[in-house]
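S.K.: pasting a predicted model and its sequence here:
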Amino acid sequence: MWQSALLTVGMLVISNIFMTFAWYGHLKLQQTGVSSNWPLYLVILFSWGIALLEYSFQVPANRIGFVGNGGPFTLMQLKVMQEAITLVIFTVFTVVFFKGESLHWNHFLAFLLLIGAVYFVFLPTSEG
């Protein structure tokens with residue numbers, strides 16, 4: 001069971017790396033001048049290509065990890081975990097690629113609250 005848990009988390013991390021590049025990477029490309037003259041439809045197609053890679057990891061991660069398919073996680077646990085992973089990946093991406101962006105106290109408080117959300121979603125319920 002722990003193998004499918006690790007595989008699920010690993011695939012969610014990879015998926016979110018691709019997602020972050022699909023959603024925000026074009027802004028860095030524009031900032032560096034690579035895509036500043038691209039028409040919007042080309043930027044969208046470029047992002048869709050990256051998003052296809054995201055889905056190639058996201059969908060199997062959810063299938064492998066979902067308790068209904070023999071995995072260790074409920075649907076709610078998968079979603080909250082994915083959101084926490086997204087925030088970590090996005091934060092690293094922002095700090096590394098967008099030097100003008102900085103983290104402030106409210107960002108750290110939001111991180112702590114999200115960690116709390118992950119904690120609470122994994123607490124056992126009276127239903128099982």
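M.R.: Happy to help now that I have it.
S.K.: show me what the worst-scoring helix or strand of the chain on mean pLDDT is packed against.
M.R.: The helix or strand of the chain with the poorest confidence is helix 105-121; it has a mean of 88 (mean pLDDT, DSSP states H and E). If you count contacts as 3 or more C-beta pairs under 8 Å, 6 or more residues apart in numbering; DSSP states H and E, helix 105-121 packs onto helix 75-97. For glycine as for every other residue, the C-beta is placed from the backbone atoms N, C-alpha and C.
S.K.: can you give the contact residues for the helix it packs on?
M.R.: Outside helix 75-97, the residues that touch it by C-beta atoms under 8 Å, 6 or more residues apart in numbering are 8-9, 12-13, 16-17, 19-21, 24, 28, 58, 61-62, 65-68, 73, 101, 103, 107, 110-111, 114-115, 117-118, 121-122.
S.K.: the same query, at a cut-off of 7 Å, please.
M.R.: The contact list for helix 75-97 (C-beta atoms under 7 Å, 6 or more residues apart in numbering) reads 12-13, 16-17, 20, 24, 28, 62, 65-66, 101, 111, 114, 117-118, 121-122.
S.K.: before we move on, the earlier item: how big is the angle separating the least confident helix or strand of the chain from helix 75-97?
M.R.: With axes from the mean of the first three to the mean of the last three C-alpha atoms, to 10 degrees defining the directions, helix 105-121 sits at 160 degrees from helix 75-97.
S.K.: what is the distance between helix 105-121 and the centre of its chain?
M.R.: Distance, stretch centre to chain centre, for helix 105-121: 15 Å (C-alpha atoms, centre = their mean, to the nearest Å).
S.K.: could you flag which of the contacts of helix 75-97 are buried?
M.R.: Using 16 or more other C-beta atoms under 10 Å as the burial test, these include Leu12, Val13, Asn16, Ile17, Thr20, Tyr24, Asn62, Gly65, Phe66, Leu114, Val121 as buried.
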